[in-house]
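Participant: Provide a 3D model corresponding to the input given below.
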Amino acid sequence: MRTIYLDCSMGAAGDMLMAALYELCPDKEAFLEKMNRLGLSGVQVEAEEAVKCGITGTHMKVTVNGEEEESLDVHGHSHEVHEHGHEHGEVYSHEACGHSHGNEEAHSHEGCAHTHTHDGGDAHTHTHAHGHHHHADMAGISHMISHLDLPEQVKEDMEQVYGLIARAEAAAHGKPVDQIHFHEVGTADAVADIAGVCLLIHELAPDRILASPVHVGSGQVRCAHGVLPVPAPATAHILQGVPMYAGNVKGELCTPTGAALLKHFVTEFREMPVMTVSKIGYGMGKKDFEQANCVRAFLGETAEEKTEVAELSCNLDDMTAEALGFVQELLLAKGALEVYTIPVGMKKNRPGTLLTCMCRKEDEEEMVRLIFRHTTTIGIREHISRRFTLKREEKTLQTSYGTVREKISSGYGVTKSKLEYEDLAEIARKRGISLQEVRDGVRKELNE
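Facilitator: You can find the predicted model right below:
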């Protein structure tokens, strides 16, 4: 199975992920050409050699009208707090709640003041004239993405990544998503970072992407609203459900953009599996630490893995068909992988029903509770099974009939696809035609 494994032991940021994946790219020159004709006004993408702790890798330099977003560390001192120091073009909202593009510089909406805290704890505020800033909302970002010269799947991935960031900002600031605005400063190069990662993953076409638990850093960061903990609120929101840790490094190692890209693409966060590696990429951050400040990307082959599932079953002879149907629907709605019934003969020659619920191991306790609560059984049998599965993905197709989803399964040398029944049925009902006519018509369009 073609696998990419991301080592996030020094966090992750958009430009670092792009640089690491760029080193895996078979045609680096062609990738840079594509990036530089995306349609982003004034944006130029370059790959620079960078060395961290004696290791050579790549830093992706993104400039807008000839200028790169820099950490505005005017004194040249080291800082205890590292705020978005990885990424030149971090996405951040105008509320500036812990989202800046310097080492510990909070970019406020009012006057664009950058606050620097020195190791001694003395705070100094420096105002840098950036001129009048415009803001882009999510609709504006979507409009920008729609006009980029990129495959549709890449645009869809970009939309979903930005959606994660916008929802995280909205949650952090207690505002609806449509009221979240991003500064024009940093927007174009942040879009370039996200586009670069999405395009590289599209071209590398891995069967799956795995990653290590995410090192987010520790300490605090000063912003326009005061001192906030690391990880920043938006980053913490995005990484809910993802294994992360603080470590010993003082500063912010994982940015909202890095977190959103990981959340969108990574199927599992775990230790590296047994893997035959063919390429390794090093994506370098701009800051220097005792540890090499980089994301490592490993490309290689892993064995098809079997997953363990629990099969919970019980015999029932005193429930109605309606009640059995109810519990089946409930178990599926709560996350069961499969629920089915088999007619059986029971003691005293009574006809009965064998109810079986297949679920993930982590959902087993919840399924047991539901079965006891909603059936008449007083005992449940457990069997642990291993299963082989194909990789599954879903595409949204725009056809003359309307929007139709296509489910694609692949692996073990086979690929299968199926149009979503509910979408076909809805079209058939609306048009007054048969289900087969819709299916044949959509397939014909796809094959043309």
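Participant: Identify the bridge partners of residue 59.
Facilitator: Beta-bridge partners for residue 59, by DSSP bridges, are residue 48.
Participant: same deal with residue 407?
Facilitator: Counting by DSSP bridges, residue 407 is bridged to residue 394, residue 418.
Participant: and it, what is it in contact with?
Facilitator: If a contact means C-beta atoms under 8 Å, 6 or more residues apart in numbering, then residue 407 has 392, 393, 394, 417, 418, 419, 420 as its contacts. C-beta coordinates here come from the backbone N, C-alpha and C atoms, glycine included.
Participant: From the residues you listed, list just the buried residues.
Facilitator: Neighbour-count burial (16 or more other C-beta atoms under 10 Å) is assigned, among the contacts of residue 407, to 419, 420.
Participant: Going by distance to residue 265, which of the contacts of residue 407 wins?
Facilitator: Of all those, residue 393 has the smallest distance to residue 265: 11.8 Å, by C-beta to C-beta.
Participant: From residue 396, how far off is the residue nearest to the closest one when sequence neighbours are not counted?
Facilitator: Using C-beta to C-beta, 6 or more residues apart in numbering and skipping residues adjacent in sequence, the residue nearest residue 393 is residue 408, 5.2 Å away. According to C-beta to C-beta, to the nearest Å, residue 408 stands 12 Å off from residue 396.
Participant: distance between stretch 311-324 and the chain's centre?
Facilitator: 39 Å (C-alpha atoms, centre = their mean, to the nearest Å).
Participant: ends of that stretch, how far apart?
Facilitator: Stretch 311-324 has an end-to-end distance of 17 Å (criterion: C-alpha to C-alpha, to the nearest Å).
Participant: Please apply the same query to stretch 45-58.
Facilitator: 12 Å.
Participant: tell me which residues of it are tucked away?
Facilitator: 45, 47, 50, 52, 57, 58.
Participant: same deal with stretch 357-377?
Facilitator: Neighbour-count burial for stretch 357-377 [16+ other C-beta under 10 Å]: 357, 358, 359, 363, 364, 367, 368, 370, 371, 374, 375, 377.
Participant: average pLDDT across that stretch?
Facilitator: For stretch 357-377, mean pLDDT rounds to 95.
Participant: Span of it from start to end?
Facilitator: For stretch 357-377, the end-to-end distance is 14 Å (C-alpha to C-alpha).
Participant: next one: it to chain centre, how far?
Facilitator: The answer for stretch 357-377 is 30 Å, by C-alpha atoms, centre = their mean.
Participant: Other residues contacting it?
Facilitator: With C-beta under 8 Å, 6+ apart as the criterion, stretch 357-377 contacts 308-316, 318-319, 323, 326-327, 330-331, 334-339, 355, 380, 382, 384-385.
Participant: Quick one: buried ones out of these?
Facilitator: 309-316, 319, 327, 331, 336-337, 339, 355.
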